[in-house]
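**Q** what follows is a predicted structure for the sequence shown.
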Amino acid sequence: MRPFLNYIVPWLLLLATCQHASSADNEQPTGEQLEFFEKQVRPLFATHCYSCHSVKAEKLQAGLLMDSRASLLQGGDSGEAIVPGDVDGSLLIEAVRYESYEMPPKGKLSADDIKTLERWVEMGAPWPDEAAPTGESSAEVFDLQQRKADHWVWQPIQSPAIPEVADTKWPHDELDHFVLAKLEEARLTPSCDADRTALMRRLYFDLIGLPPTPEQAGKFLDDSSDGALERLVDELLASPHFGERWGRHWLDLVRYAESRGHEFDNDTPNAFQYRDYIIRALNANVPYDQLVREHIAGDLLAQPRLRPDTGINESILGTGFWFLGEWVHSPVDIRKDEADRFDNMIDVMSKTFLGVTVSCARCHDHKFDAISTAD
């Protein structure tokens, strides 16, 4: 039995490795993985590899292109450069470790940069779904105005026509027509209307994130007068818990944290001031355009918004979100760390207020949001 095991076990291990690599290669990358590639991996390739291993290189070395995932999988004169999911089996990792080939030849990458590439390969070498470069200059390819004209996100908002439905009795308002039209298209029928208990619980959880107390539930269910549901909505909107509940969503957008998130995870001084500012702003029903102005330039407003009970300047607290990003403890390259902090600020601001990813343009013209590196 033992000779058989000695023969079959290595083959099983090899099969498991191949299956792992295949599964890593077939999985669709997540948004977080693509962001990791754009912010950590592609800049490394651009800085250390593309001068010799890209379609724009003056002389291609070793037949290896590194400016697309397909070219890395195909490899060069020495074979495939990466095996997604298999760090030790990837020639690229072997080369940057200086275990055989020594790349880049002018000097070994830092330990952190090597770990970045190892992590990238380990997660399956995620890469955006994009065409391989052709060697054309970016000036010839990147047409800012044409991108704006073609991409849906830059088109003016229009009110669509109200769709026609077969069951004209079910919709209570215009929005219901859109829901019912899709249901009928799929040959589905709407569920029955929720009862008052279900509506009450949904309102409590949606608006303040807490269930009703037995007393609150009894008060509402015993009230059969007209407008009872509307009055409950008004009560919940007026609750201080409303700002706490919905402020959490906003804090996620601006990446709120009370520490720096790096090796020593140092506390962020006075982070709670921004958190409480958001809660108060939501409870005070501050208009969105005012909230935007306070975030972008709350320290420059000629007439800042004052807190009614204390008279303190509320507007200036909105600028606190600029300082909530990750800060590296004792960076080796101070100038790069400063640039990374600004990049993080721009990234958070653009995603939160514009709904687009500007940070990609730090390294290359953005393909979809029509933002150039020069911008």
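**A** Looks like it arrived, so ask away.

**Q** could you report the neighbour count for residue 355?
**A** As a burial measure, the neighbour count of residue 355 was computed by other CB atoms under 10 Å and equals 9. In short, each C-beta sits where N, CA and C put it, glycine included.

**Q** give me phi/psi at it?
**A** Note on residue 355: its backbone torsions stand at phi 70, psi 20 [degrees, to the nearest 10].

**Q** got it, and residue 345?
**A** Per-residue torsions, residue 345: phi -60, psi -50 (degrees, to the nearest 10).

**Q** do you know the pLDDT at residue 213?
**A** Residue 213 is assigned a predicted lDDT (pLDDT) of 96.

**Q** what score does the residue lying closest to residue 363 once chain neighbours are set aside have for pLDDT?
**A** Using CB to CB, 6 or more residues apart in numbering and skipping the chain neighbours, the partner closest in space to residue 363 is residue 43 (5.5 Å). Per-residue pLDDT puts residue 43 at 91.

**Q** cool, and residue 249?
**A** What the model reports as pLDDT for residue 249 is 95.

**Q** and if you look at residue 137?
**A** The pLDDT attached to residue 137 in the predicted structure is 49.

**Q** now do residue 56
**A** The score at residue 56 is 83. That number is its pLDDT.

**Q** now do residue 272
**A** The per-residue pLDDT reported for residue 272 equals 95.

**Q** in which helix or strand would I find it?
**A** Take DSSP states H and E as the rule and residue 272 turns out to sit in helix 271-283.

**Q** please identify the helix or strand for residue 336.
**A** Residue 336 is part of helix 334-349, with elements assigned from DSSP H and E.

**Q** contacts for that helix next, please.
**A** For helix 334-349, the external contacting residues (CB atoms under 8 Å, 6 or more residues apart in numbering) are 39, 253-255, 295-296, 321-322, 324-328, 331, 357-359, 362.

**Q** how about that helix: buried residues?
**A** Judged by neighbour count using 16 or more other CB atoms under 10 Å, the buried positions of helix 334-349 are 340-341, 343-345, 347-349.

**Q** again with stretch 76-86
**A** Of the residues in stretch 76-86, those buried under the neighbour-count criterion (16+ other CB under 10 Å) are 76, 81-86.

**Q** what comes into contact with stretch 242-255?
**A** For stretch 242-255, the external contacting residues (CB under 8 Å, 6+ apart) are 207-210, 236, 275, 278-283, 321, 324-325, 348, 351-352.

**Q** which among those residues count as buried?
**A** Applying 16+ other CB under 10 Å to the contacts of stretch 242-255, the neighbour count classes 207-208, 236, 275, 278-283, 321, 324-325, 348, 351-352 as buried.

**Q** what's the most distant pair in those?
**A** Within the buried ones among the contacts of stretch 242-255, 236 and 325 form the most distant pair, 33.6 Å apart (CB to CB).

**Q** for the closest residue to residue 295 other than its chain neighbours, what are its contacts?
**A** Computed as CB to CB, 6+ apart, the closest residue to residue 295 that is not its neighbour in sequence is residue 318, at 4.5 Å. By CB under 8 Å, 6+ apart, residue 318 lies in contact with 274, 277, 281, 291, 294-295, 298.

**Q** any idea how far residue 318 is from residue 277?
**A** Distance of residue 318 to residue 277, computed by CB to CB, to the nearest Å: 7 Å.

**Q** now the helix or strand harbouring residue 183 - C-alpha only, PDB.
**A** Following DSSP H and E, one finds residue 183 within helix 174-185. Once non-C-alpha atoms are left out, helix 174-185 reads as follows in PDB (Å, rounded to 0.1, in the frame of the first residue of the first chain):
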ATOM      1  CA  GLU A 174     -46.000  56.400 -10.600                       C
ATOM      2  CA  LEU A 175     -43.100  54.400  -9.100                       C
ATOM      3  CA  ASP A 176     -45.300  51.400  -8.700                       C
ATOM      4  CA  HIS A 177     -45.800  51.300 -12.500                       C
ATOM      5  CA  PHE A 178     -42.100  50.700 -13.000                       C
ATOM      6  CA  VAL A 179     -42.100  47.900 -10.400                       C
ATOM      7  CA  LEU A 180     -45.200  46.200 -11.800                       C
ATOM      8  CA  ALA A 181     -44.000  46.500 -15.400                       C
ATOM      9  CA  LYS A 182     -40.900  44.500 -14.700                       C
ATOM     10  CA  LEU A 183     -43.000  41.900 -12.700                       C
ATOM     11  CA  GLU A 184     -45.400  41.500 -15.600                       C
ATOM     12  CA  GLU A 185     -42.500  41.300 -18.000                       C
END
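
**Q** I'd like to know which elements the next helix or strand after it is packed against.
**A** Next in sequence after helix 174-185, counting helices and strands by DSSP H and E, comes helix 196-207. When contacts are defined as 3 or more CB pairs under 8 Å, 6 or more residues apart in numbering; DSSP states H and E, helix 196-207 sits against helix 214-221, helix 228-237.

**Q** quick one: the shortest one to chain centroid distance?
**A** In this view, helix 214-221 has its centroid 41 Å away from the chain centroid, taken as CA atoms, centre = their mean, to the nearest Å.

**Q** also the last one?
**A** Going by CA atoms, centre = their mean, the spacing between the C-alpha centre of helix 228-237 and its chain's C-alpha centre is 34 Å.

**Q** can you list the buried residues in that helix?
**A** Neighbour-count burial for helix 228-237 [16+ other CB under 10 Å]: 232, 235-236.

**Q** tell me the mean pLDDT for the helix holding residue 336?
**A** 90.

**Q** what do you get for stretch 225-245?
**A** Per-residue pLDDT over stretch 225-245 has a mean of 96.

**Q** how does this structure divide up, domain by domain?
**A** 17-128, 174-239, 241-330 (automatic domain parsing).
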